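Engineer: model this:
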Amino acid sequence: MIERFYLKEFLSFKEAELEFKPGLIVFTGPSGSGKSILMRSLLASVGLDSVDASVCESSVVWKIDEELYGIDNEFPNIFRHVKKEKTSYFINNQRTSKSSMEAISSGHCRHLSLKDYSDFDSAALLNLLDERIGLVQSEHLVSVEEHKAQFAEYKILASELKTIEEQEKKLTELKEFAAYEIAKIDAIKPIIGEDEELNHIKKQLSKKEKITEAIKSAEAIFAYENQVNNALSLLDVESGFFDDAMNELRSIFENSLEKLEMLEDISVEDILNRIESLSELKRRYGGIAEALVYRDKKVKELEGYEGIEHSKTQLLKHIEQLQTQLTTLSSKLSLARNNELSITLDKLNTYLSMLYLRPATLHLETITHHSLGTDRVVLGLEGTKLDKLSSGEFNRLRLALLALRVESMEGDGGVLMLDEIDANLSGEESMSVAKVLRHLSSRYQIFVISHQPQLTSMGHQHFLIYKDDESRVRELNDAQRIEEIARIISGDSVSDEARGFARDLFERTRCV
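Structural biologist: Okay, the predicted model is just below:
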């Protein structure tokens with residue numbers, strides 16, 4: 001439920017702060033006072049609408065999936081959006097996105113609009129039937145969940161089979177391509193780091209003659225080695241440092257000449273060809289290491305192609321087993337639903353009669369397998385398709401379905417937002433809607449705008465929206481509620497007769 005709401009600076013409202021209780025909460029007030037603005041702001045406070053308010057905030061008792069959204073639960077959780085230069089969204093002072101706030105709220109709060117047909121979807125109606133069956137046959141709900149799990153597995157396997165069958169169509173081409181790619185890399189047999197070593201050899205080959213000539217010329221220094229030692233001796237200077245330097249120089253020259261001699265047997269042309277082959281691999285695959293990884297991948301693909309027939313055989317066998325199990329389960333579900341159908345229809349028509357609607361039609365059709373079986377529920381009102389219903393009929397039919405669902409609910413249904421659901425109804429029709437909403441309020445917290453005295457009198461809480469220089473809202477006590485109901489009945493000039501009728505209506509609804 002929503003426990004508290006705060007609004008600052010939005011259209012005709014400068015500021016509003018409200019405390020809410022569970023049950024049916026009614027907003028009334030003269031036309032143009034700001035009722036719809038307030039309802040939109042309530043929705044926007046939890047991310048289900050957009051308003052240009054400075055601050056819009058609600059305290060809710062919904063539990064947030066901390067792992068999914070990365071937001072820690074508090075009690076209550078505070079949803080807020082604030083506008084300065086742009087609008088920022090927060091939950092418990094943690095910044096979030098409007099889409100995340102909307103995703104969290106949509107599981108707990110619904111705005112019932114004429115564009116929302118979700119309650120009439122076959123899946124929603126099947127869930128309604130299954131919940132009612134589950135009240136007396138708990139094993140039915142186990143079967144429903146088992147069917148969902150098996151169907152999900154079937155869909156995965158069917159997708160895998162489709163992939164295999166698509167691969168089969170071009171299997172020969174895929175195998176030839178994989179073998180060609182492997183052979184092309186194997187023909188070169190690249191070694192990681194080989195290209196760097198070959199480039200080093202290439203540089204040495206290109207400088208071989210120059211290096212040899214330079215070393216031969218520099219070796220003349222060794223002819224003066226004895227003279228230097230004699231000079232150092234005469235100077236009484238220890239000659240060890242000079243001997244070490246000359247020995248190190250001699251070793252460098254000898255090693256270098258040995259390496260150059262080893263290059264005598266190396267073909268420059270072979271080196272250049274090898275470098276070019278490796279360069280081609282690097283251009284094609286990004287590097288030698290990448291080429292080897294690609295080769296291993298193609299080897300595994302080729303092995304997979306070789307075993308594709310075996311995989312397909314095993315997959316077909318598994319799918320066939322699942323199809324048999326799904327057929328058995330879906331037949332079991334259909335039987336239970338058909339047995340429940342007339343009971344549910346009778347109960348639904350009881351609510352429809354209360355709401356002054358003609359009886360509904362409800363039947364099952366067999367369709368292609370889906371997650372809930374092979375059933376589709378088709379709902380209508382006698383003589384009229386759903387898309388041809390008036391707004392009043394549409395709303396009352398949906399209320400009847402919600403009332404039916406309450407009977408099988410175990411926990412809290414969340415929050416419902418309704419805008420003038422009793423508009424253009426007669427007094428009797430309005431009272432019937434009010435009674436059903438009162439029934440729904442045992443499981444839902446319901447916010448509703450009303451212009452009718454019947455629904456207004458049924459509310460657990462009643463807020464008056466009025467306007468002087470700005471829009472304002474306040475909660476009414478019992479005496480004030482009777483006065484407001486009288487205003488709704490007779491207009492701004494409230495008569496004693498209207499007050500008497502309002503008092504009588506209000507007192508009678510306290511007993512409901």
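
Engineer: so Pro453 sits right up against Arg487, yeah?
Structural biologist: No - using Cβ atoms under 8 Å, Pro453 makes no contact with Arg487, being 9.4 Å away. For the C-beta atoms, the positions are set from N, CA and C on the backbone; glycine is no exception.

Engineer: If you count surrounding residues, which of the two has more?
Structural biologist: Counted by other Cβ atoms under 10 Å, Pro453 and Arg487 do not tie: Pro453 has more neighbours, with 27 against 20.

Engineer: for the helix or strand harbouring Lys202, packing partners?
Structural biologist: Secondary-structure assignment from DSSP states H and E places Lys202 in helix 194-206. Packing partners of helix 194-206 (3 or more Cβ pairs under 8 Å, 6 or more residues apart in numbering; DSSP states H and E): helix 268-285.

Engineer: Identify the residues contacting the helix it packs on?
Structural biologist: Residues outside helix 268-285 that contact it (Cβ atoms under 8 Å, 6 or more residues apart in numbering): 185, 188, 190, 194-195, 198-199, 201-202, 205, 288, 291, 294.

Engineer: at 10 Å instead, please
Structural biologist: 181, 184-185, 187-191, 194-196, 198-199, 201-202, 205-206, 208, 263, 267, 287-295 (Cβ atoms under 10 Å, 6 or more residues apart in numbering).

Engineer: Next SSE downstream of that helix?
Structural biologist: That would be, after helix 268-285 and using DSSP H and E, helix 288-306.

Engineer: Show me what the next helix or strand after that following helix is packed up against.
Structural biologist: Following helix 288-306 in sequence order, the next helix or strand is helix 308-354 (DSSP H and E). Where contact means 3 or more Cβ pairs under 10 Å, 6 or more residues apart in numbering; DSSP states H and E, helix 308-354 is packed against helix 122-134, helix 138-169, helix 171-188, strand 360-370, strand 373-381, helix 391-406, helix 427-440.

Engineer: want to try JSON lines for these, with distance to Leu345 and mean neighbour count as columns?
Structural biologist: Listed next are these as JSON lines, based on distance: least, Cβ to Cβ, whole Å; neighbours: other Cβ atoms under 10 Å:
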{"stretch": "helix 122-134", "distance to Leu345": "10", "mean neighbour count": "19"}
{"stretch": "helix 138-169", "distance to Leu345": "18", "mean neighbour count": "14"}
{"stretch": "helix 171-188", "distance to Leu345": "54", "mean neighbour count": "14"}
{"stretch": "strand 360-370", "distance to Leu345": "5", "mean neighbour count": "14"}
{"stretch": "strand 373-381", "distance to Leu345": "9", "mean neighbour count": "19"}
{"stretch": "helix 391-406", "distance to Leu345": "10", "mean neighbour count": "20"}
{"stretch": "helix 427-440", "distance to Leu345": "17", "mean neighbour count": "21"}
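
Engineer: starting at the chain centroid, how far to stretch 451-469?
Structural biologist: 38 Å (Cα atoms, centre = their mean, to the nearest Å).

Engineer: quick one on the thing from earlier: between helix 268-285 and whichever helix or strand comes after the helix holding Lys202, find me the angle.
Structural biologist: Going down the chain from helix 194-206, the next helix or strand is helix 208-218, by DSSP H and E. Counting by axes from the mean of the first three to the mean of the last three Cα atoms, to 10 degrees, helix 208-218 lies at 120 degrees to helix 268-285.

Engineer: Could you pull out the buried residues of whichever helix or strand comes after helix 208-218?
Structural biologist: Towards the C-terminus, the helix or strand next in line after helix 208-218, according to DSSP H and E, is helix 225-234. Neighbour counts over helix 225-234 (16 or more other Cβ atoms under 10 Å) mark Leu232 as buried.

Engineer: ok, Leu48 - how many residues close by?
Structural biologist: Neighbours around Leu48, by other Cβ under 10 Å: 19.

Engineer: That should have said Leu316, apologies.
Structural biologist: Neighbour count of Leu316, defined by other Cβ under 10 Å: 13.
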